[in-house]
Each structure stands twice: as C-alpha cells, then as structure tokens.
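Undergrad: Quick one, structure for this:
(2 chains)
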Amino acid sequence: NAGVTQTPKFQVLKTGQSMTLQCAQDMNHEYMSWYRQDPGMGLRLIHYSVGAGITDQGEVPNGYNVSRSTTEDFPLRLLSAAPSQTSVYFCASSSHRGRGATEAFFGQGTRLTVV
Amino acid sequence: TQLLEQSPQFLSIQEGENLTVYCNSSSVFSSLQWYRQEPGEGPVLLVTVVTGGEVKKLKRLTFQFGDARKDSSLHITAAQPGDTGLYLCAGDVDSNYQLIWGAGTKLIIKP
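TA: Residues are numbered from 1 along each chain as shown, chains lettered A, B, ... in the order given. Predicted structure coming up:
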C-alpha cells in the first residue's frame, strides 16, 4: 500500500527560486494538509484542504501556495524561496476513525535547504 | 490559543528502564493520538484514545487518556533501543480534521 507519497525527498534551492513539492495519496481521504517541522517547534500547519477545489490557510501560510484539483493530489508551491523556509515538510491525509477521531497519515517528508 | 504541552522534551535512558511521557492541555479533546517518528521518516500513528479514563496497551506501551480528556500519558515498560524516536501527541478538538500538536519528546534508549 502506497499511502501518502511525497517527492522529492531532498532539495536545495537558492534564495528566490520557486519549486513545487508533490504529494499524492491513494486512500481516498478528503482532508489533506501540509506541515513544516523545525527543531523544538513541532509540526506547524501551512495549508489544508477539505476536498477537491477547497483549500485554506493554516498557522504559517506566508510564502506558500496550494491547490487541490483532485482528491489524490495536493501540491505545495514555494513562490520565492527564503532561508527561513529551510525545514522538513510533511504532507498528510486524514480520516475519521469512528466517533469523529481524526487520524493522520504522513508522507516520508521533504528536507528542504534554502541557501 | 490551544496548546498541547509535552514533557519531558528529551529523555535518554538505559535499555530495560521504564519511562513515562506526558501530554497536557487546558483544552478538552474529543480524541487524542500518539505518533512515533523515526529519523528521516514521517510520524506514524501508534494509538487513538477517545474516552475519558481510557487505557490502551500496545505490547510494552501503555496509553492513558485523562478522565477530563485534557491530558494523556505514554508509559513504556522495559524500554528497548527500538523504542528510540520522537514521540508526538496530537489532540482532536472538534473532529474537524485539524489536530493540535505537541512539540514532541525525543527518546533515546541506550543499549
């Protein structure tokens, strides 16, 4: 079972460059999200989507765009990379496991360095 | 602002010892999950607790949800090097898919 697939696993960008982090899930989940993980700060929500065509901002959305044209795919775009965006990025899709309990399934992450 | 505070932030112990990790909040959660993350990987769900006072066991790991559904604990008995990792708790406030995350406990078990 593939679950959540993220690409690339590693990326180095120069300041000002743009790029797209890809995320695909095969579990038919409606809810998908992007997080960044920095040391000592846990997971911070960047953007999320509750279904195809619907996206919204999370806690730290500045400098990032998302779109959701299909249930399966949820790419994250960095518009003009900055050193502050050096981080590990995780895509997740979520299900409700009865009684409304949300459970998240994560990709392997993308380690991004902006120089 | 809803917060989940995890303690300790870091724990390094010898193989065979017992340990407890705590996850506390002033908010009430409809459910709470524990995840384990290994280096270079994404978090993996270990358990979900939904009822106040609920206790779940996963081999040597015991998870408890507080009676008031504001806190949770993870107890590991006879820790092994394979238990090494980052343990994250996440709370579900109103089942709208958005989880509140703790900062994590980095656990190292030395052989």
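Undergrad: Identify the residues contacting the residue nearest the centre of chain A.
TA: Taking CA atoms, centre = their mean, the centroid of chain A lies closest to residue A:34, which sits 2.5 Å from it. Taking CB atoms under 8 Å, 6 or more residues apart in numbering or on different chains as the criterion, residue A:34 is in contact with A:21, A:23, A:45-48, A:58, A:64, A:66, A:74, A:76, A:89-92. C-beta here means a position set from N, CA and C on the backbone, and glycine is covered the same way.
Undergrad: next one: residue B:58
TA: Counting by CB under 8 Å, 6+ apart, residue B:58 touches B:46-47.
Undergrad: does the residue nearest to the centre of chain A have beta-bridge partners, and which?
TA: According to DSSP bridges, the partner residues bridging residue A:34 are residue A:47, residue A:91.
Undergrad: Direction included, what does the helix or strand harbouring residue B:33 pair up with?
TA: When elements are assigned from DSSP states H and E, residue B:33 belongs to strand B:31-37. Strand pairing for strand B:31-37, determined by DSSP bridges: strand B:44-49 (antiparallel), strand B:85-92 (antiparallel).
Undergrad: Quick check: which of those is nearest to residue A:30?
TA: Judged by CB to CB, the one of those that comes nearest to residue A:30 is strand B:85-92, at 15.5 Å.
Undergrad: Contacts for that closest one, please.
TA: Against strand B:85-92 from outside (CB under 8 Å, 6+ apart): A:42-43, A:100-102, A:104, B:2, B:4, B:6, B:21, B:23, B:25, B:27, B:29-39, B:43, B:72, B:74, B:99-102, B:104-107.
Undergrad: same thing but 7 Å
TA: For strand B:85-92, the external contacting residues (CB atoms under 7 Å, 6 or more residues apart in numbering or on different chains) are A:101-102, B:4, B:6, B:21, B:23, B:25, B:27, B:29-38, B:43, B:72, B:74, B:99-102, B:104-107.
Undergrad: What's the end-to-end length of stretch B:65-73?
TA: From the first residue to the last, stretch B:65-73 extends over 7 Å; the measure is CA to CA, to the nearest Å.
Undergrad: Identify each buried residue in that stretch, please.
TA: Residues of stretch B:65-73 classed as buried: B:65-66, B:69-73 (neighbour count, 16 or more other CB atoms under 10 Å in any protein chain shown).
Undergrad: Now do it: distance to the chain's middle.
TA: On the basis of CA atoms, centre = their mean, to the nearest Å, stretch B:65-73 sits 11 Å off its chain's mean C-alpha point.
Undergrad: do the same with stretch B:38-50
TA: Between the centre of stretch B:38-50 and the centre of its chain there are 9 Å (CA atoms, centre = their mean).
Undergrad: now do stretch A:51-66
TA: Between the centre of stretch A:51-66 and the centre of its chain there are 9 Å (CA atoms, centre = their mean).
Undergrad: Need phi/psi at residue A:84.
TA: For residue A:84, the backbone dihedrals (degrees, to the nearest 10) come out as phi -70, psi -10.
Undergrad: Tell me, what's the model's pLDDT at it?
TA: Residue A:84 carries a pLDDT value of 96.
Undergrad: Residue B:28 now?
TA: 91.
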